[in-house]
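A.B. asks: 3D, please:
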Amino acid sequence: MHNLFDVIPNQFFYIFIGDNKRILSDCVYLAYQSFQNDLSFSCTREQLLTIFQDYFETHLTTIDSEENLNNSRDKALYVLKRLKDCGWIHEEVGENYEVFITFEDYSIQIMDCLFHLEDVRESEEYSGLIYNIYTSFQNFDIHRGDLIFETAYENTKDLIHKLKNLNSNIKKYIQKLLDDGIKDDLQALLNSLLQEYQTKIIDRAYYNLTTYDNPSKYRQSILSRIQEVMDNQDYVSLIIHNIMERKGIEHDQAYDLLMNQKEYIMQSFEHIEDIMQEIDSKNNKFIESAIHRITFLLNNQNDIEGIINNIIKSIASGNDVNDLGNIYINQMINRDSLYVPRQISKSMKTQIEDTVILDEKKKMESIERIKRSENYSHKKIEEKVMLLLKDGPFKGSQLPLETQNDLIYFVFIYLYGFSYQTKYQVEPLNEEVIINHYRFQDFLVKER
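C.D. replies: This is a model prediction of the structure:
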């Protein structure tokens, strides 16, 4: 295994250090985009400088440099020099002494990776990977067995890598619920749930992965078919022979290569349930965290829980908490305050008090507070949905969105639908709707 800096220059990542890193990143991206249609990833020096100049003429930017950069041309030359000094590009002199700029081969590979970090669509295509592995072994062609194992091995690596990425992405959204910019903003929290999490995690990955494209559906068939092939010595001998001819290696090397591919595929599918359970656990944790956060932000009641919530919110925002009310009153605290002296027991005379008449208004207010606190529980939401499902499946766009309570019910119905413990399930639809200024991907609610 070689070291990373055996391939790239030591100063390669220097362009992403310092106050100019965002500007330089923008310029690298513009150059990368403009070079896409060129097979050699190159252009003339003047063409590249023009791209950078256009950027500085349309963006209000300040470059931190000891040089005097008075105009867009100076700034473009500065960026070009930084890319060259850090080993991203090299210059070649062509015909008529025209200078050409070419990205280094390692620069191209790194840019392909860096500028596709947000390409969720490509990274979430689990269906094709799982089904290809399954069909390749179901319709096993012994004369192409070496290629089938090699392709299945690569697809399995890709699948496991993407499942782990999904697991990591859900963890990222859990952390986002706690970030200062969103945790105390109910509207921002709801937008994150209804748009980002729904679109990037639920719609594109989690739903299909836990229903139609669940690896568990194909797991046993894949494992059984691989074992059948490996138990046939004629098949194994032919596959090893084909590997030797195609790769030009010795028998022992070809045998080890086949065994390593077979072991990786089988071990991955034997333990894929563990990854799936962890993904489901993370998703349930996200749902639980979101619900607790929303409930916390909604609780402005005057009971003990509401007072504590309001005090915590005020402390977090730096506001005065003196007027928020008291949970109890301390008269005086000193080092003797916990001391209780012994007293001689005395007989007490009892006296029957008059029956206390409870104020009916206060009684009803207390009952209402208790009801409100339970309205958003898992059980209550489930009961509400099951009642609606008596008339058959319904779409999210059919739910009322007139008040804040309607919106909260809407969110909780959606979130609880992806929990295995719920009696109903939510199926995302490829339909974007706008209801009362709320934009979201519609979904179908049906019995599980």
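A.B. asks: Now residue 20: phi and psi?
C.D. replies: Dihedral pair for residue 20: phi -90, psi 10, per degrees, to the nearest 10.
A.B. asks: list the contacts for it?
C.D. replies: Residue 20 is in contact with 63, 64, 65, 82, counting by Cβ atoms under 8 Å, 6 or more residues apart in numbering. C-beta here means a position set from N, CA and C on the backbone, and glycine is covered the same way.
A.B. asks: What count of nearby residues applies to the second one?
C.D. replies: So that's residue 64. Residue 64 is flanked by 9 other residues according to other Cβ atoms under 10 Å.
A.B. asks: do residue 138 as well
C.D. replies: 11.
A.B. asks: In TSV, list the contacts of residue 20 along with distance to residue 75, secondary structure and pLDDT.
C.D. replies: Listed next are these as TSV, based on distance: Cβ to Cβ, whole Å; DSSP: H, G, I helix; E, B strand; the rest coil; pLDDT from 0 to 100:
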residue	distance to residue 75	secondary structure	pLDDT
63	6	coil	87
64	12	coil	84
65	9	coil	83
82	11	helix	91
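A.B. asks: For PyMOL, write the select line for the buried members of those.
C.D. replies: What follows is the PyMOL syntax for the buried subset of the contacts of residue 20, where burial is set by 16 or more other Cβ atoms under 10 Å:
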select buried, resi 63+82
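A.B. asks: how about the contacts of residue 20, which pair is most distant?
C.D. replies: Pairwise distances among these were taken by Cβ to Cβ; the largest, 11.9 Å, belongs to 64 and 82.
A.B. asks: I'd assumed residue 413 was in contact with residue 291.
C.D. replies: No: contact between residue 291 and residue 413 fails when scored by Cβ atoms under 8 Å: they sit 11.5 Å apart.
A.B. asks: what's downstream of the helix-or-strand element of the chain with minimal mean pLDDT, the next helix or strand?
C.D. replies: Ranking every helix and strand in the chain by mean pLDDT, DSSP states H and E puts helix 120-123 at the bottom, with a mean of 44. Next in sequence after helix 120-123, counting helices and strands by DSSP states H and E, comes helix 126-138.
A.B. asks: for the next helix or strand along the chain from that following helix, packing partners?
C.D. replies: Counting by DSSP H and E, the next helix or strand C-terminal to helix 126-138 is helix 145-176. Counting contacts by 3 or more Cβ pairs under 8 Å, 6 or more residues apart in numbering; DSSP states H and E, helix 145-176 is packed against helix 126-138, helix 233-247, helix 251-270, helix 272-298.
A.B. asks: Quick one: list the elements packing against the longest one.
C.D. replies: Using 3+ Cβ pairs under 8 Å, 6+ apart as the contact criterion, the elements in contact with helix 272-298 are helix 145-176, helix 186-191, helix 207-210, helix 216-231, helix 404-416.
A.B. asks: can we see that at 7 Å?
C.D. replies: Counting contacts by 3 or more Cβ pairs under 7 Å, 6 or more residues apart in numbering; DSSP states H and E, helix 272-298 packs against helix 145-176, helix 186-191, helix 404-416.
A.B. asks: Highest mean neighbour count out of those?
C.D. replies: helix 404-416 (a mean of 20; mean count of other Cβ atoms under 10 Å).
A.B. asks: what's the average pLDDT for that helix?
C.D. replies: Average pLDDT, helix 404-416: 79.
A.B. asks: That one: what's the following helix or strand?
C.D. replies: Next along the chain after helix 404-416, with elements defined by DSSP H and E, is strand 424-435.
A.B. asks: Pull the residues that contact that next one.
C.D. replies: Strand 424-435 has contacts (Cβ atoms under 7 Å, 6 or more residues apart in numbering) with 202-203, 207, 385-386, 389, 397, 401, 414, 417-418, 439-448.
A.B. asks: just stretch 379-391 next, same as before
C.D. replies: Residues outside stretch 379-391 that contact it (Cβ under 7 Å, 6+ apart): 374, 394, 412, 413, 416, 422, 423, 424, 445, 447.
A.B. asks: how deep is the last one tucked in, by neighbour count?
C.D. replies: In other words, residue 447. 12.
A.B. asks: what's near enough to touch it?
C.D. replies: By Cβ under 7 Å, 6+ apart, residue 447 lies in contact with 389, 423, 424.
A.B. asks: Would you mind listing which of these are buried?
C.D. replies: Buried by 16+ other Cβ under 10 Å: residue 424, out of the contacts of residue 447.
A.B. asks: When you compare pLDDT across the contacts of residue 447, which one is lowest?
C.D. replies: residue 423 (85).
A.B. asks: tell me the contacts of the closest residue to residue 85 other than its chain neighbours?
C.D. replies: Closest residue in space to residue 85, ignoring its immediate chain neighbours: residue 11 at 6.9 Å, by Cβ to Cβ, 6 or more residues apart in numbering. Listed by Cβ under 7 Å, 6+ apart, the contact partners of residue 11 are 85, 86, 87.
A.B. asks: so where do the helices sit in the stretch 1-150 of the chain?
C.D. replies: Shown for the stretch 1-150 of the chain, the helices assigned by DSSP state H, counting those that start in this stretch span residues 21-34, 45-58, 72-85, 105-114, 120-123, 126-138, 145-176.
A.B. asks: and stretch 249-269, average pLDDT?
C.D. replies: Stretch 249-269 comes out with an average pLDDT of 93.
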